[in-house]
Structure formats: C-alpha cells, structure tokens
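> Starting from these lines, generate the structure:
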Amino acid sequence: MTQPTPRQLADQKTYALLHVSEEDLRQASFYASHLLKKGWHSEWYERRGTVYYQQAAYTTALVMAYTRPFTQTRGGSSLHGKTIAGFSEEQKAQHKRMKVLRDNIYAHTDIPTRRVRPVSFAGYPSAIETVPPMRLHKAEVEHLQTMIALVQKSIGEQKRGLLHAISAEAFGRPV
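Numbers count the residues shown, from 1 in each chain. Below you'll find the predicted structure:
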C-alpha cells in the first residue's frame, strides 16, 4: 500500500470538514423545523416564561449549528466562499447577519448589545437590563432552511468530487 500524497491528505481533511459541516447543518435544519412547528418567534413578553426560554434555546442552537461550519476553528478550517457561492444577495446578507448574531448575542455576551442601568434595592446593587431578543422571525427561519438546503447540496457535490481523490487506491479500503 502506498502512502497518500500531500494532496490526498489535504483532500481527506477537506472531506472530513465537509462531512462534519453537513452534520452541523442537519442539526440546524432540525432546530429550524422545530421553531416553525412550534411557532416560536415571539418576544419575551408575548408568551409565558418557559415557552420563551425554550424558544431562546432552540434559536441559540439554530444560530450556533448554522454558523459553526463557517467559523474559523483552532485547526484553521471553515467552509469557504465556494459553498455559499450560489446565494442571492439577500441570502448573503442573512448569512452575514447570522454570523454577527452568533458573535454578538448567541456565542458571547457582548456588552454593547445590552443596556444596563445600575440601581440599588434596599442597599443591594442590581441593574435594570435590556437584553436583545432571543428570536428569529418566521420568515428568517424559513429563509435559513432554504439556505441550509443550498449549502447541503453544495457540500454533497464537493464530497462527490473528492471521493475519487481519496479512493481505495490511495487508502487501501473501499470508499
């Protein structure tokens, strides 16, 4: 059995990235479907507390799972522009918005996105805080589902193209 070439190793790494990204997008699609099924697109004051927190959890999971493939990792890998090349300008804008939401609200506590007014109750320090809404509008979630499907299609095509490069001859096992 011959050793894989550097190109074949790079292709294998790319294939693994695509495969893992595909799973992240499967999760994102599940979370989007659940939000739509439940009709969870409300402000905190429009539903009782537990429903809003469930909505917030699924919305957070959707944003995180969707953006994970496009986020630079410690290993330096993320999906490149080729994967979203088929997006319309509107889809590119929403893609960018999801990344901003991830960075500023869902993955990190970004202080500028909140308003904090210090107060004291019976001598104890506290604050009145305005928190960004943990929701996506129904149309945004539906739009994301379309975008997820487009990225999944692109990933499938890229994986099929890589199969030859990382074939049985290179690695000694059937693909």
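> helix, strand or coil for Leu35?
helix (DSSP: H, G, I helix; E, B strand; the rest coil).
> Now for the residue positioned nearest the centre of the chain: which residues touch it?
Centroid-nearest residue in the chain: Tyr66, 1.7 Å away (criterion: Cα atoms, centre = their mean). Counting by Cβ atoms under 8 Å, 6 or more residues apart in numbering, Tyr66 makes contact with Asp24, Leu25, Ala28, Met98, Leu144, Ile148. Quick note: C-beta positions are derived from backbone N, CA and C, even for glycine.
> please redo it, this time with the cut-off set to 7 Å
Ala28, Met98, Leu144, Ile148 (Cβ atoms under 7 Å, 6 or more residues apart in numbering).
> Can you tell me, leaving aside adjacent residues, what's nearest to the third one?
Read it as Leu144. Ala32 (5.6 Å; Cβ to Cβ, 6 or more residues apart in numbering).
> In the contacts of Tyr66, find the pair that's most separated.
Largest separation among those by Cβ to Cβ: Met98 and Ile148, giving 10.7 Å.
> List the neighbouring strands of the helix or strand where Ser120 lies plus their orientation.
In the assignment (DSSP states H and E), Ser120 maps to strand 115-121. According to DSSP bridges, strand 115-121 has the following sheet partners: strand 124-130 (antiparallel).
> Rounded mean pLDDT for the next helix or strand along the chain from the partner strand, please.
As assigned by DSSP H and E, the chain's next helix or strand after strand 124-130 is helix 138-163. Across helix 138-163, pLDDT averages out at 94.
> Please state the offset of helix 138-163 from the chain centre?
12 Å (Cα atoms, centre = their mean, to the nearest Å).
> Packing partners of that helix?
Here helix 138-163 touches helix 6-38, helix 89-101, going by 3 or more Cβ pairs under 7 Å, 6 or more residues apart in numbering; DSSP states H and E.
> which residues touch stretch 99-112?
Thr60, Val63, Met64, Thr67, Phe70, Thr113, Pro132.
> how about a cut-off of 10 Å?
For stretch 99-112, the surrounding residues in contact (Cβ atoms under 10 Å, 6 or more residues apart in numbering) are 56, 59-64, 66-68, 70-71, 98, 113-114, 131-134, 136.
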